[in-house]
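Engineer: predicted structure and sequence below. I'll ask about it afterward.
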Amino acid sequence: MNSVWQEPCIFSPSLICFDLCNLEEQVHTLERLGVKVLHVDILDGHFSPSMPLGLDTVRQLRAKTDMEFDCHVMTTRNEFFVDELLDIGVQQIVFHVETEPHADGLLNKIRARGVRAGVALKPATPLDSLDFIIEKCDTVLLMLINPGYASSSSEKQAVYAERKIKQLSDIISGRELGTKIEIDGRVSEENIKKYGGSEVGIFVTGSTCIKKSDIEGSVENLNNIRRSIVGGEL
């Protein structure tokens, strides 16, 4: 498994927050700036009321970059999309427990292909849904806003986000697991500074952290924050 996933405080820029008409150019800009992981949201328009990216777009991008693809499947038919992403050649797939009747089996399927596997939870989904599967999760993604509503100004980070992050961190450390916590939804610089040193391993960075008009400056700022947290070279 690529060592990038073992690093602390990983930034995973959200593909759908960039200029969708110039994705290849902007992905190459991220790669040139040293970004190693790209967050790829797959939505079906049913589980979540939006569908910004198609699988063919992801397939074409896969051939144009060496970045690690961190895929978040927000669908009602998980296995179809998981199979497609495995064929495309991505490095991590997380799917929602709320729509998967066979979570254990799907985690097994992903891991059998040498791909990092995990589950995602909507803000109000309790952590006890992880009780018998967390040992098979390389990553647990916590949604801090409801999926598909990022464009709504009324959608704020869940008020209980901090409590949920800390409780999940306690579960992982209590079971002595290497599972990473990933957070997604209005992730801010303050979130990174607060959780990047211990609880959270992967931050999905979107428009709150990265400006489409100044990708270079935004990434430099994030890297400076990371250096202040973990020290050393990036």
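Structural biologist: Ah, there it is. Numbers count the residues shown, from 1 in each chain.

Engineer: so the closest residue to residue 199 other than its chain neighbours is in which element?
Structural biologist: Leaving aside its sequence neighbours, residue 199 sits nearest to residue 169 (C-beta to C-beta, 6 or more residues apart in numbering; 4.2 Å). The C-beta positions use only the backbone N, C-alpha and C, and glycine is treated the same way. Element membership for residue 169 (DSSP states H and E) is helix 161-174.

Engineer: quick one: the helices in this structure, in order.
Structural biologist: Remark: helices assigned in the chain by DSSP state H are 23-32, 55-62, 78-88, 103-112, 161-174, 189-195, 215-230.

Engineer: and of those helices, who's closest to residue 145?
Structural biologist: Proximity to residue 145 (C-beta to C-beta) singles out helix 161-174 among the helices of the chain, at 9.1 Å.

Engineer: now the closest one, how far from the centre of its chain.
Structural biologist: Between the centre of helix 161-174 and the centre of its chain there are 17 Å (C-alpha atoms, centre = their mean, to the nearest Å).

Engineer: with stretch 181-191 instead?
Structural biologist: Chain-centre distance of stretch 181-191: 10 Å, with C-alpha atoms, centre = their mean.

Engineer: mean confidence score for that stretch?
Structural biologist: For stretch 181-191, mean pLDDT rounds to 97.

Engineer: let's have the chain start at 739 instead
Structural biologist: Let's use 739 as the start, then, which means that last one is stretch 919-929.

Engineer: mind listing what's buried along it?
Structural biologist: Neighbour-count burial for stretch 919-929, with 16 or more other C-beta atoms under 10 Å as criterion, is recorded at 919-925, 929.

Engineer: report pLDDT for residue 958.
Structural biologist: Residue 958 is given a pLDDT of 97.

Engineer: flag the shaky bits of this structure, pLDDT-wise.
Structural biologist: Along the chain, the parts satisfying pLDDT under 70 run over 739-740, 887-891, 970-972.

Engineer: do that again at 90, thanks
Structural biologist: 739-741, 783, 786-791, 885-894, 969-972 (pLDDT under 90).
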